[in-house]
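1. sequence-free structure coming up:
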(Lines give C-alpha, C1' and ligand atoms only; values in the text may rest on other atoms or scores of the structure.)
Protein backbone atom coordinates (compact mmCIF):
# COMPACT_ATOMS: atom_id res chain seq x y z
CA UNK A 1 0.00 0.00 0.00
CA UNK A 2 3.00 2.33 -0.02
CA UNK A 3 2.02 3.27 -3.58
CA UNK A 4 -0.86 5.26 -2.06
CA UNK A 5 1.66 8.00 -1.33
CA UNK A 6 1.03 8.94 -4.97
CA UNK A 7 -2.29 10.63 -5.74
CA UNK A 8 -3.04 10.89 -9.44
CA UNK A 9 -5.16 13.80 -10.66
CA UNK A 10 -6.77 13.79 -14.08
CA UNK A 11 -9.41 15.72 -16.01
CA UNK A 12 -12.38 13.97 -17.57
CA UNK A 13 -13.55 14.75 -21.13
CA UNK A 14 -16.28 16.94 -19.59
CA UNK A 15 -13.66 19.02 -17.77
CA UNK A 16 -14.24 17.59 -14.26
CA UNK A 17 -11.31 16.75 -11.99
CA UNK A 18 -10.86 13.11 -11.03
CA UNK A 19 -8.52 11.52 -8.50
CA UNK A 20 -7.02 8.05 -8.30
CA UNK A 21 -5.10 6.29 -5.53
CA UNK A 22 -4.21 3.36 -7.79
CA UNK A 23 -6.29 0.88 -5.78
CA UNK A 24 -9.55 -0.60 -7.13
CA UNK A 25 -11.65 -0.26 -3.95
CA UNK A 26 -10.46 3.24 -3.15
CA UNK A 27 -10.89 4.42 -6.73
CA UNK A 28 -14.41 3.02 -6.90
CA UNK A 29 -15.25 4.93 -3.74
CA UNK A 30 -13.81 8.14 -5.18
CA UNK A 31 -15.98 7.62 -8.28
CA UNK A 32 -18.97 7.20 -5.96
CA UNK A 33 -18.10 10.44 -4.15
CA UNK A 34 -17.59 12.29 -7.43
CA UNK A 35 -21.16 11.50 -8.42
CA UNK A 36 -22.74 12.91 -5.28
CA UNK A 37 -20.46 15.66 -3.94
CA UNK A 38 -18.81 18.90 -4.95
CA UNK A 39 -15.29 18.93 -6.45
CA UNK A 40 -13.84 20.37 -3.22
CA UNK A 41 -15.33 17.48 -1.21
CA UNK A 42 -13.93 14.94 -3.66
CA UNK A 43 -10.47 16.49 -3.41
CA UNK A 44 -10.59 16.52 0.40
CA UNK A 45 -11.70 12.87 0.61
CA UNK A 46 -8.95 11.80 -1.80
CA UNK A 47 -6.26 13.55 0.25
CA UNK A 48 -7.71 12.23 3.53
CA UNK A 49 -7.60 8.62 2.32
CA UNK A 50 -4.10 9.12 0.97
CA UNK A 51 -2.93 10.49 4.33
CA UNK A 52 -4.57 7.63 6.26
CA UNK A 53 -3.11 4.79 4.20
CA UNK A 54 0.29 6.47 4.07
CA UNK A 55 0.40 5.88 7.85
CA UNK A 56 -1.54 2.59 7.94
CA UNK A 57 0.43 0.56 5.41
CA UNK A 58 -2.20 -2.16 4.93
CA UNK A 59 -4.74 -3.29 2.43
CA UNK A 60 -8.09 -1.58 3.12
CA UNK A 61 -9.82 -4.87 3.97
CA UNK A 62 -7.19 -5.60 6.65
CA UNK A 63 -7.58 -2.38 8.65
CA UNK A 64 -8.80 -2.74 12.25
CA UNK A 65 -9.67 -0.24 14.98
CA UNK A 66 -6.12 -0.35 16.36
CA UNK A 67 -4.86 1.07 13.05
CA UNK A 68 -7.31 3.96 13.37
CA UNK A 69 -5.97 4.82 16.82
CA UNK A 70 -2.43 4.59 15.46
CA UNK A 71 -3.26 7.12 12.74
CA UNK A 72 -4.79 9.42 15.37
CA UNK A 73 -1.60 9.36 17.42
CA UNK A 74 0.45 10.09 14.31
CA UNK A 75 -1.65 13.11 13.35
CA UNK A 76 -1.51 14.64 16.81
CA UNK A 77 2.25 14.91 16.42
CA UNK A 78 4.93 15.56 19.01
CA UNK A 79 3.42 16.91 22.25
CA UNK A 80 6.66 18.77 22.99
CA UNK A 81 5.78 21.26 20.24
CA UNK A 82 2.36 22.90 20.61
CA UNK A 83 0.49 25.75 18.96
CA UNK A 84 0.14 28.93 20.98
CA UNK A 85 -3.47 29.44 19.83
CA UNK A 86 -4.98 26.28 21.36
CA UNK A 87 -2.07 24.53 23.13
CA UNK A 88 -2.45 21.53 20.80
CA UNK A 89 0.14 19.78 18.63
CA UNK A 90 0.02 18.30 15.17
CA UNK A 91 -3.00 18.84 12.95
CA UNK A 92 -5.98 20.78 14.22
CA UNK A 93 -8.84 18.78 15.76
CA UNK A 94 -11.14 19.82 12.91
CA UNK A 95 -8.74 18.42 10.31
CA UNK A 96 -8.32 15.15 12.21
CA UNK A 97 -12.09 14.81 12.66
CA UNK A 98 -12.64 15.43 8.96
CA UNK A 99 -10.09 12.76 8.05
CA UNK A 100 -11.76 10.30 10.39
CA UNK A 101 -15.08 11.07 8.75
CA UNK A 102 -13.61 10.41 5.29
CA UNK A 103 -12.15 7.08 6.37
CA UNK A 104 -15.38 6.10 8.13
CA UNK A 105 -17.36 6.97 5.00
CA UNK A 106 -15.11 4.75 2.91
CA UNK A 107 -15.67 1.75 5.19
CA UNK A 108 -19.40 2.42 5.39
CA UNK A 109 -19.32 2.20 1.59
CA UNK A 110 -17.49 -1.15 1.72
CA UNK A 111 -19.98 -2.53 4.25
CA UNK A 112 -22.90 -1.42 2.06
CA UNK A 113 -21.37 -3.09 -1.00
CA UNK A 114 -21.35 -6.46 0.71
CA UNK A 115 -18.83 -8.00 -1.69
CA UNK A 116 -15.71 -7.50 0.44
CA UNK A 117 -14.46 -9.15 3.66
CA UNK A 118 -15.32 -5.92 5.52
CA UNK A 119 -18.51 -6.52 7.53
CA UNK A 120 -18.10 -3.76 10.17
CA UNK A 121 -16.75 -0.24 10.13
CA UNK A 122 -13.31 -0.24 11.86
CA UNK A 123 -13.64 3.47 12.74
CA UNK A 124 -15.19 3.61 16.24
CA UNK A 125 -18.05 6.05 16.75
CA UNK A 126 -16.54 7.00 20.11
CA UNK A 127 -15.39 5.69 23.46
CA UNK A 128 -17.95 4.30 25.88
CA UNK A 129 -18.43 5.98 29.26
CA UNK A 130 -19.85 4.69 32.55
CA UNK A 131 -22.91 6.90 32.24
CA UNK A 132 -26.18 5.02 32.64
CA UNK A 133 -29.37 5.71 30.70
CA UNK A 134 -29.82 8.29 28.00
CA UNK A 135 -29.12 7.73 24.33
CA UNK A 136 -26.23 5.79 22.83
CA UNK A 137 -24.73 9.12 21.75
CA UNK A 138 -24.79 10.51 25.28
CA UNK A 139 -23.05 7.39 26.57
CA UNK A 140 -20.03 7.88 24.31
CA UNK A 141 -17.35 10.52 23.93
CA UNK A 142 -15.92 11.38 20.50
CA UNK A 143 -12.48 10.19 19.48
CA UNK A 144 -11.56 13.78 18.69
CA UNK A 145 -12.95 16.72 20.63
CA UNK A 146 -13.54 19.58 18.21
CA UNK A 147 -13.80 22.93 20.02
CA UNK A 148 -16.84 25.04 19.19
CA UNK A 149 -15.32 28.42 18.47
CA UNK A 150 -17.14 31.59 17.56
CA UNK A 151 -16.74 32.70 13.92
CA UNK A 152 -15.07 36.02 13.29
CA UNK A 153 -16.99 38.95 11.85
CA UNK A 154 -16.00 42.27 10.33
CA UNK A 155 -16.43 45.57 12.08
CA UNK A 156 -18.34 48.33 10.23
CA UNK A 157 -15.12 50.20 9.54
CA UNK A 158 -13.50 47.10 8.09
CA UNK A 159 -16.49 46.57 5.80
CA UNK A 160 -16.22 50.14 4.53
CA UNK A 161 -12.49 49.76 3.81
CA UNK A 162 -13.07 46.45 2.07
CA UNK A 163 -15.76 47.84 -0.22
CA UNK A 164 -13.67 50.92 -0.91
CA UNK A 165 -10.77 48.75 -2.03
CA UNK A 166 -12.73 46.89 -4.71
CA UNK A 167 -11.85 48.03 -8.21
CA UNK A 168 -14.70 46.61 -10.30
CA UNK A 169 -18.49 46.48 -10.10
CA UNK A 170 -18.25 42.70 -10.54
CA UNK A 171 -16.12 42.28 -7.41
CA UNK A 172 -18.40 44.62 -5.50
CA UNK A 173 -21.49 42.63 -6.48
CA UNK A 174 -19.89 39.32 -5.43
CA UNK A 175 -18.80 40.72 -2.08
CA UNK A 176 -22.18 42.34 -1.43
CA UNK A 177 -23.89 39.01 -2.11
CA UNK A 178 -22.05 37.67 0.93
CA UNK A 179 -22.15 40.82 3.07
CA UNK A 180 -25.83 41.62 2.45
CA UNK A 181 -27.33 38.25 1.51
CA UNK A 182 -25.26 35.84 3.59
CA UNK A 183 -24.47 33.66 0.58
CA UNK A 184 -21.71 31.10 0.73
CA UNK A 185 -18.71 31.36 -1.57
CA UNK A 186 -19.87 28.41 -3.70
CA UNK A 187 -23.35 29.92 -3.93
CA UNK A 188 -21.97 33.22 -5.23
CA UNK A 189 -19.88 31.39 -7.83
CA UNK A 190 -22.95 29.42 -8.92
CA UNK A 191 -25.19 32.46 -9.53
CA UNK A 192 -26.54 32.79 -13.05
CA UNK A 193 -28.24 35.77 -14.66
CA UNK A 194 -31.60 34.04 -14.52
CA UNK A 195 -31.20 33.62 -10.74
CA UNK A 196 -31.36 37.38 -10.16
CA UNK A 197 -35.02 38.09 -9.47
CA UNK A 198 -34.67 41.84 -9.84
CA UNK A 199 -38.37 42.70 -9.55
CA UNK A 200 -38.69 40.87 -6.23
CA UNK A 201 -35.24 41.94 -5.01
CA UNK A 202 -34.45 38.29 -4.38
CA UNK A 203 -31.87 35.76 -5.51
CA UNK A 204 -32.52 32.12 -6.34
CA UNK A 205 -29.73 29.95 -4.89
CA UNK A 206 -29.65 26.89 -7.15
CA UNK A 207 -26.37 25.40 -5.94
CA UNK A 208 -26.64 25.53 -2.16
CA UNK A 209 -24.76 23.34 0.27
CA UNK A 210 -25.84 19.72 0.02
CA UNK A 211 -27.73 20.44 -3.19
CA UNK A 212 -30.46 22.40 -1.37
CA UNK A 213 -32.09 25.33 -3.14
CA UNK A 214 -33.65 28.46 -1.63
CA UNK A 215 -34.79 31.99 -2.49
CA UNK A 216 -33.38 34.78 -0.35
CA UNK A 217 -33.93 38.57 -0.33
CA UNK A 218 -30.95 40.88 -0.81
CA UNK A 219 -30.62 44.63 -0.41
CA UNK A 220 -30.94 47.01 -3.36
CA UNK A 221 -27.22 47.76 -3.05
CA UNK A 222 -26.39 44.31 -4.43
CA UNK A 223 -28.70 44.71 -7.43
CA UNK A 224 -27.28 48.18 -8.11
CA UNK A 225 -23.73 46.79 -8.21
CA UNK A 226 -24.84 43.83 -10.32
CA UNK A 227 -26.62 46.17 -12.74
CA UNK A 228 -23.55 48.42 -13.05
CA UNK A 229 -21.44 45.34 -13.82
CA UNK A 230 -23.85 44.08 -16.49
CA UNK A 231 -24.15 47.46 -18.20
CA UNK A 232 -20.59 48.80 -17.90
CA UNK A 233 -18.14 45.89 -17.56
CA UNK A 234 -19.59 42.60 -18.76
CA UNK A 235 -18.76 41.82 -22.42
CA UNK A 236 -21.78 41.79 -24.70
CA UNK A 237 -20.65 38.43 -26.08
CA UNK A 238 -19.89 36.75 -22.75
CA UNK A 239 -19.30 33.01 -23.10
CA UNK A 240 -21.22 32.13 -19.95
CA UNK A 241 -24.47 33.08 -18.26
CA UNK A 242 -22.90 33.02 -14.80
CA UNK A 243 -22.93 36.35 -12.99
CA UNK A 244 -19.24 36.04 -12.20
CA UNK A 245 -18.43 35.92 -15.93
CA UNK A 246 -15.78 33.79 -17.59
CA UNK A 247 -13.01 35.28 -15.44
CA UNK A 248 -14.48 34.37 -12.05
CA UNK A 249 -13.26 31.12 -10.55
CA UNK A 250 -13.32 29.54 -7.12
CA UNK A 251 -9.65 30.37 -6.66
CA UNK A 252 -10.14 33.89 -7.98
CA UNK A 253 -12.83 34.87 -5.49
CA UNK A 254 -10.57 34.51 -2.44
CA UNK A 255 -8.27 37.47 -3.27
CA UNK A 256 -11.33 39.72 -3.49
CA UNK A 257 -11.66 39.37 0.26
CA UNK A 258 -8.05 38.83 1.26
CA UNK A 259 -5.38 40.41 -0.86
CA UNK A 260 -7.16 43.67 -1.69
CA UNK A 261 -8.19 44.22 1.88
CA UNK A 262 -4.57 43.79 2.87
CA UNK A 263 -3.61 46.65 0.57
CA UNK A 264 -6.23 49.13 1.76
CA UNK A 265 -7.13 48.02 5.27
CA UNK A 266 -4.01 49.33 6.92
CA UNK A 267 -5.55 49.58 10.38
CA UNK A 268 -4.92 46.23 12.13
CA UNK A 269 -7.44 44.76 14.51
CA UNK A 270 -5.88 43.61 17.81
CA UNK A 271 -5.90 39.86 18.31
CA UNK A 272 -6.91 38.86 14.77
CA UNK A 273 -5.68 38.74 11.21
CA UNK A 274 -6.44 41.58 8.84
CA UNK A 275 -7.56 39.15 6.16
CA UNK A 276 -11.25 38.88 5.39
CA UNK A 277 -12.42 35.47 4.23
CA UNK A 278 -15.59 34.78 2.28
CA UNK A 279 -17.09 33.02 5.28
CA UNK A 280 -16.33 36.01 7.52
CA UNK A 281 -18.45 38.15 5.18
CA UNK A 282 -21.29 35.63 5.42
CA UNK A 283 -21.00 35.52 9.22
CA UNK A 284 -21.01 39.31 9.32
CA UNK A 285 -24.28 39.46 7.38
CA UNK A 286 -26.09 36.88 9.49
CA UNK A 287 -24.84 38.42 12.73
CA UNK A 288 -26.02 41.91 11.77
CA UNK A 289 -29.44 40.54 10.76
CA UNK A 290 -29.83 38.91 14.16
CA UNK A 291 -28.67 42.06 15.94
CA UNK A 292 -31.33 44.03 14.04
CA UNK A 293 -34.03 41.80 15.54
CA UNK A 294 -34.54 39.25 12.74
CA UNK A 295 -36.11 36.07 14.13
CA UNK A 296 -33.76 33.13 14.52
CA UNK A 297 -35.93 31.01 12.21
CA UNK A 298 -35.71 33.74 9.55
CA UNK A 299 -31.92 33.86 9.91
CA UNK A 300 -31.91 30.07 9.48
CA UNK A 301 -33.85 30.38 6.22
CA UNK A 302 -31.59 33.18 4.97
CA UNK A 303 -28.46 31.18 5.78
CA UNK A 304 -29.74 27.93 4.31
CA UNK A 305 -29.09 25.94 7.49
CA UNK A 306 -30.87 22.60 7.62
CA UNK A 307 -30.78 22.60 11.43
CA UNK A 308 -31.51 25.59 13.62
CA UNK A 309 -28.71 24.42 15.90
CA UNK A 310 -26.28 25.73 13.28
CA UNK A 311 -27.98 29.13 13.50
CA UNK A 312 -27.93 29.38 17.29
CA UNK A 313 -24.28 30.37 17.23
CA UNK A 314 -25.39 33.84 16.12
CA UNK A 315 -27.08 34.25 19.50
CA UNK A 316 -23.59 34.31 20.99
CA UNK A 317 -22.20 36.64 18.35
CA UNK A 318 -24.81 39.34 18.79
CA UNK A 319 -23.39 40.89 21.92
CA UNK A 320 -25.71 43.91 21.87
CA UNK A 321 -28.79 41.72 21.62
CA UNK A 322 -27.57 39.45 24.44
CA UNK A 323 -26.70 42.42 26.64
CA UNK A 324 -30.14 43.94 26.04
CA UNK A 325 -31.90 40.70 26.92
CA UNK A 326 -29.79 40.38 30.05
CA UNK A 327 -30.53 43.94 31.20
CA UNK A 328 -34.27 43.43 30.63
CA UNK A 329 -34.29 40.21 32.65
CA UNK A 330 -32.09 41.68 35.38
CA UNK A 331 -34.37 44.71 35.76
CA UNK A 332 -37.36 42.40 36.24
CA UNK A 333 -35.48 40.44 38.89
CA UNK A 334 -34.51 43.65 40.69
CA UNK A 335 -38.13 44.86 40.57
CA UNK A 336 -39.38 41.59 42.05
CA UNK A 337 -36.81 41.75 44.86
CA UNK A 338 -37.78 45.35 45.62
CA UNK A 339 -41.45 44.35 45.82
CA UNK A 340 -40.65 41.51 48.21
CA UNK A 341 -38.62 43.86 50.40
CA UNK A 342 -41.52 46.34 50.64
CA UNK A 343 -43.99 43.61 51.56
CA UNK A 344 -41.75 42.02 54.20
CA UNK A 345 -42.40 43.14 57.82
CA UNK A 346 -39.75 45.26 59.55
CA UNK A 347 -37.02 43.39 61.41
CA UNK A 348 -38.08 42.32 64.89
CA UNK A 349 -41.85 42.57 64.26
CA UNK A 350 -44.16 39.74 63.39
CA UNK A 351 -46.69 39.95 60.61
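-> Arrived safely. Source: prediction; values computed, not measured.

2. I figured residue 96 was touching residue 73, is that so?
-> No - using CB atoms under 8 Å, residue 96 is not in contact with residue 73; the gap is 10.6 Å. Bear in mind the C-beta positions are built from the backbone N, C-alpha and C, glycine included.

3. More neighbours: the two, which one.
-> The residue with more neighbours, out of residue 96 and residue 73 and counting by other CB atoms under 10 Å, is residue 96; that gives 20 against 10.

4. Okay, the more buried one and residue 289: tell me how far apart.
-> Going from residue 96 to residue 289 by CB to CB, to the nearest Å gives 33 Å.

5. can you check residue 242 too?
-> 26 Å.

6. And residue 334, by the same measure?
-> 31 Å.

7. ok, the two, which is more surrounded?
-> The neighbour comparison of residue 334 against residue 289 (other CB under 10 Å) goes to residue 289, with 19 against 10.

8. quick one: what helix or strand has the more buried one in it?
-> Applying DSSP states H and E as the criterion places residue 289 in helix 278-291.

9. So which other helices or strands are in contact with that helix?
-> For helix 278-291, the packing partners by 3 or more CB pairs under 8 Å, 6 or more residues apart in numbering; DSSP states H and E come out as helix 169-179, helix 185-189, helix 250-257, helix 296-303, helix 313-317, helix 319-343.

10. now it: mean pLDDT?
-> Average pLDDT, helix 278-291: 92.

11. could you give the angle of it to helix 169-179?
-> 50 degrees (axes from the mean of the first three to the mean of the last three CA atoms, to 10 degrees).

12. which parts of helix 278-291 are buried?
-> 278, 280-291 (16 or more other CB atoms under 10 Å).

13. Now find how far off-centre that helix is within its chain.
-> Relative to its chain's centre, helix 278-291 lies at 13 Å (CA atoms, centre = their mean, to the nearest Å).

14. just stretch 93-100 next, same as before
-> That offset, for stretch 93-100, works out to 14 Å (CA atoms, centre = their mean).

15. which residues touch it?
-> 44, 48, 51-52, 68, 71-72, 75-76, 90-91, 123, 142-147 (CB atoms under 8 Å, 6 or more residues apart in numbering).

16. and what of stretch 37-44?
-> Contacts for stretch 37-44 (CB under 8 Å, 6+ apart): 16-17, 19, 30, 33-34, 45, 98, 102, 186, 250.

17. try 6 Å this time
-> 17, 33-34 (CB atoms under 6 Å, 6 or more residues apart in numbering).

18. where does the stretch 201-350 of the chain have low pLDDT?
-> 246-275, 318-321, 344-350 (pLDDT under 70).

19. quick one on the thing from earlier: rebuild the buried residues of helix 278-291 as CSV, extending it with distance to residue 225.
-> Output for the buried residues of helix 278-291, formatted as CSV (distance: CB to CB, whole Å):
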residue, distance to residue 225
278, 16
280, 19
281, 14
282, 17
283, 21
284, 17
285, 15
286, 20
287, 22
288, 18
289, 19
290, 24
291, 23
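
20. just the strands in the stretch 51-200 of the chain please.
-> Ranges of strands in the stretch 51-200 of the chain, per DSSP state E, counting those that start in this stretch, are 127-128, 140-141, 196-197.

21. can you redo these as CSV with mean pLDDT, distance to residue 216 and mean neighbour count?
-> As requested, the strands of the stretch 51-200 of the chain are exported to CSV (pLDDT from 0 to 100; distance: least, CB to CB, whole Å; neighbours: other CB atoms under 10 Å):
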stretch, mean pLDDT, distance to residue 216, mean neighbour count
strand 127-128, 78, 41, 10
strand 140-141, 80, 37, 13
strand 196-197, 94, 10, 18
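
22. so which of those gets nearest residue 312?
-> Residue 312 lies closest to strand 140-141 among the strands of the stretch 51-200 of the chain, at 22.2 Å (CB to CB).

23. ok, and what's touching the closest one?
-> With CB under 6 Å, 6+ apart as the test, strand 140-141 has contacts from 126-129.

24. What of stretch 146-154?
-> By CB under 6 Å, 6+ apart, stretch 146-154 touches 93-94, 97, 276, 280, 283-284, 287, 316.

25. Among those residues, find me the one that's closest to residue 236.
-> For the contacts of stretch 146-154, the nearest to residue 236 is residue 276 (32.5 Å; CB to CB).

26. Verify the assumption that the closest one is located in a helix.
-> No - judged by DSSP: H, G, I helix; E, B strand; the rest coil, residue 276 forms no part of a helix; its state is coil.

27. how close does it get to residue 69?
-> Taking CB to CB, one finds residue 276 at 39 Å from residue 69.

28. Neighbour count: the two, which is higher?
-> A count of neighbours by other CB under 10 Å puts residue 276 above the other of residue 276 and residue 69, at 26 against 12.

29. Of the strands of the stretch 51-200 of the chain, give the one that comes closest to residue 208.
-> Comparing the strands of the stretch 51-200 of the chain by CB to CB, strand 196-197 comes nearest, at 15.7 Å.

30. Could you spell out the sheet neighbours of that closest one, each with its direction?
-> Neighbouring strands of strand 196-197 in its sheet, by DSSP bridges, are strand 202-205 (antiparallel).

31. List of residues touching the partner strand?
-> 187, 195, 214-218.

32. Select from these every entry located in helices.
-> Mapping the contacts of strand 202-205 onto helices (DSSP state H) picks out residue 187.

33. now the contacts of strand 202-205 as TSV including neighbour count?
-> Shown next, in TSV, are these (neighbours: other CB atoms under 10 Å):
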residue	neighbour count
187	23
195	18
214	15
215	13
216	18
217	13
218	22
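
34. Having no further points to raise, I will conclude here.
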